[in-house]
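Undergrad: everything below, folded, please.
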Amino acid sequence: MTAWMSTLNALRLVLGTRLDVDEELRVAEGLWAAGDVASFPNAQLGAARCRIDHWRPAQQHGPAAARALLGRGAPFSRVPFSWTRE
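TA: Numbers count the residues shown, from 1 in each chain. This is a model prediction of the structure:
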C-alpha cells in the first residue's frame, strides 16, 4: 500500500458530514480540506470546532489551504459570517 493510500484509509469522516482539520486546514500529512466539509478550530470561539455551510468560507479556505500546502501556512482565523438577500 502506498503512503497516499494509507493517508486515505486514515481519514475519519465524522458522522458522515465533516472532516476535522487543524488550524491550517490539514486533515492529515499531505492532505488539506476546504469549504463546508472542513471542521476547523475557531479562535474566536475558544478553539471550538466550526463548520459553515456557505460559499464564502469555502472561498476563504482555498487560498489558506494553498498557502499551507506550499509551506507558508498560518492558522485560519477569519471571522465566520454569511448574509442573505431575503
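Undergrad: in its sheet, what does the longest strand anywhere in the chain sit against?
TA: Of all segments of type strand in the chain, defined using DSSP state E, the longest is strand 38-42. Strand 38-42 has the following strand partners under DSSP bridges: strand 18-20 (parallel), strand 48-50 (antiparallel).
Undergrad: which of these is buried the deepest?
TA: Looking across the strands paired with strand 38-42 with neighbours counted as mean count of other Cβ atoms under 10 Å, the highest average goes to strand 18-20: a mean of 18. Where you see a C-beta, it was placed from the backbone N, CA and C, and this is true even at glycine.
Undergrad: roughly how far is it from the heart of the chain?
TA: Centroid separation between strand 18-20 and its chain, computed with Cα atoms, centre = their mean, to the nearest Å, is 7 Å.
Undergrad: immediately after that strand, which helix or strand?
TA: Downstream of strand 18-20, the next assigned helix or strand under DSSP states H and E is strand 26-28.
Undergrad: neighbouring strands - and their directions - for the helix or strand just after that following strand?
TA: Next along the chain after strand 26-28, taking DSSP H and E as the criterion, comes strand 31-32. Looking at strand 31-32 with DSSP bridges, its partner strands are strand 26-28 (antiparallel).
Undergrad: if you average pLDDT over the partner strand, what comes out?
TA: Averaging pLDDT along strand 26-28 gives 86.
Undergrad: returning to that earlier point: dump the longest strand of the chain to CSV, restricted to CA.
TA: Output in CSV follows, covering the C-alpha atoms of strand 38-42 (Å, rounded to 0.1, in the frame of the first residue of the first chain):
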residue,chain,number,x,y,z
ALA,A,38,-13.9,21.2,6.8
SER,A,39,-14.5,21.4,10.6
PHE,A,40,-11.8,23.8,11.9
PRO,A,41,-10.8,25.1,15.3
ASN,A,42,-12.0,28.7,15.6
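Undergrad: distance of Arg72 relative to Arg78?
TA: 17 Å (Cβ to Cβ, to the nearest Å).
Undergrad: repeat for Arg26
TA: Taking Cβ to Cβ, one finds Arg26 at 17 Å from Arg78.
Undergrad: and the two? which has more neighbours close in?
TA: Just comparing Arg26 and Arg78: by other Cβ atoms under 10 Å the higher neighbour count belongs to Arg26, 18 against 14.
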